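Engineer: Have a look at this prediction, sequence included:
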Amino acid sequence: MRLCTPASLFLAVVAAVLPTAAQAQAEAPPPACATEDDSDFPLTARIHGGPDTYTAGGGYGTWDLQLTNTTDRSCVGIHPVVVLVDDKRELRASQTVLEFYAPDREQPHPVRFETTDEDELVGAFADERTGFEGFTVEAGRALTVKVRLAFTSDAVAGEVVAKAAVVQRHEDDGDWVGQSDDYRFRIEPGPGTEAGDAGPDELARTGTGTGGQLLTVAAVALLAGGLAGVPARTRR
C-alpha cells in the first residue's frame, strides 16, 4: 500500500508513542497486529461526525475516530496519532486543544502536539501520567474513540486538514497499522477579533495547560534522537 505521508513524518509519529528503552525492556511486547503477509493495513480508520468550522477561542467540536480490525488477530497497544496541517502553516501546538476518551476512564486524556520540520502538528494518543497503554481492537470488531478539539483565540483563521495515523507500539519499535481519511474544516476568527489577533479568554489561558500530563518535549526529543537505529516499519 502506498502512503502519501512522508517517511519523516512517520518517524515523528513513532517517536511520539514509543516508550523509553527502560520501559521497553520491562514490558512484554504485544503480539504483532500486522504480519509480513498483509498487503493492506490491518486496521481501517475513519474520522466522522466533526463540524465543518471551529471558532478560535470558542468551545469544543466533537468527532469520532472509528478503528476497525479487519483481521482475525486482536490488535493491542494501538495509538492513533492525529496530524494537523493548515493551509498557511501557521497553526501552533499551543493553539490546539485535543482530548480523547478511553473506554475505561470518564475523564478525557489530553493530547500534546509537537511540530515537525514541515510545520505539521503531530499529537499522539498517549498519556504517560495515567499509564494509558493504548487501545485494544478485537479481531473483526470496531472501536469508536470519541475526540474533542478546540482552538485558542489567537489561532489564525484558515483551512485545516486532519488525518489519523495508527501505530501499534512494539517494544522499542512501532508498526504503522492504519491511516484514516482526511477531515477538512475551517478555523474562523472569534467574535470581536481579527484573524490571527489574540483575545484573552478562558480557552486561550487554559489551552496550553496540559504540558506535564503527556510525553514531555524533552522526552520526545530524546526518543527522536534515538530513531536512527530504530527499524520503523510501514505497510506498502
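Structural biologist: Everything's here; your move. Numbering: from 1, shown residues only.

Engineer: Show me where this protein has its helices.
Structural biologist: In the chain, the helices defined using DSSP state H lie at 7-17, 21-26, 202-206, 217-225.

Engineer: I'd like the mean pLDDT over the last one, please.
Structural biologist: Just to be clear, that refers to helix 217-225. Mean pLDDT, helix 217-225: 31.

Engineer: heads up, I number from 645, so please use that
Structural biologist: Sure, I'll start numbering at 645, so the last one becomes helix 861-869.

Engineer: And the pLDDT at Gln669?
Structural biologist: Turning to Gln669, the model gives it a pLDDT of 45.

Engineer: do the same with Val800
Structural biologist: 92.

Engineer: Check Glu777 too.
Structural biologist: We have a pLDDT of 85 for Glu777.

Engineer: Over to Arg880?
Structural biologist: 40.

Engineer: can you check Glu838 too?
Structural biologist: Per-residue confidence (pLDDT) for Glu838: 53.

Engineer: Leu858 too?
Structural biologist: Residue-level pLDDT assigned to Leu858 equals 29.

Engineer: mind listing the strands for this structure?
Structural biologist: Residue ranges of the strands in the chain, as given by DSSP state E, are 687-692, 697-699, 705-713, 719-730, 740-744, 753-755, 757-759, 765-768, 779-781, 786-795, 802-814, 817-823, 827-832.

Engineer: These: which one's closest to Glu680?
Structural biologist: Put simply, out of these the one that sits nearest Glu680 is strand 817-823, at 11.0 Å, with distance taken as C-beta to C-beta. Yep, even glycine has a C-beta here, placed from its N, CA and C like the rest.

Engineer: Switch the strands of the chain over to TSV; also include distance to Pro844 and mean neighbour count.
Structural biologist: Putting the strands of the chain into TSV (distance: least, C-beta to C-beta, whole Å; neighbours: other C-beta atoms under 10 Å) gives the following:
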stretch	distance to Pro844	mean neighbour count
strand 687-692	31	19
strand 697-699	16	18
strand 705-713	22	19
strand 719-730	22	23
strand 740-744	16	21
strand 753-755	21	21
strand 757-759	22	19
strand 765-768	23	24
strand 779-781	37	21
strand 786-795	15	20
strand 802-814	21	22
strand 817-823	38	24
strand 827-832	18	18
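
Engineer: can I get the ones you listed in CSV with distance to Ala678?
Structural biologist: Written out in CSV, the entries for these read as follows (distance: least, C-beta to C-beta, whole Å):
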stretch, distance to Ala678
strand 687-692, 9
strand 697-699, 34
strand 705-713, 11
strand 719-730, 9
strand 740-744, 23
strand 753-755, 24
strand 757-759, 25
strand 765-768, 18
strand 779-781, 13
strand 786-795, 17
strand 802-814, 7
strand 817-823, 5
strand 827-832, 24
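
Engineer: mind checking which of those strands is nearest Cys677?
Structural biologist: When the strands of the chain are compared for distance to Cys677 using C-beta to C-beta, the nearest one is strand 719-730, at 3.7 Å.

Engineer: What pairs with that closest one, parallel or antiparallel?
Structural biologist: Taking DSSP bridges as the criterion, strand 719-730 sits next to strand 765-768 (antiparallel), strand 779-781 (antiparallel), strand 802-814 (antiparallel) in its sheet.
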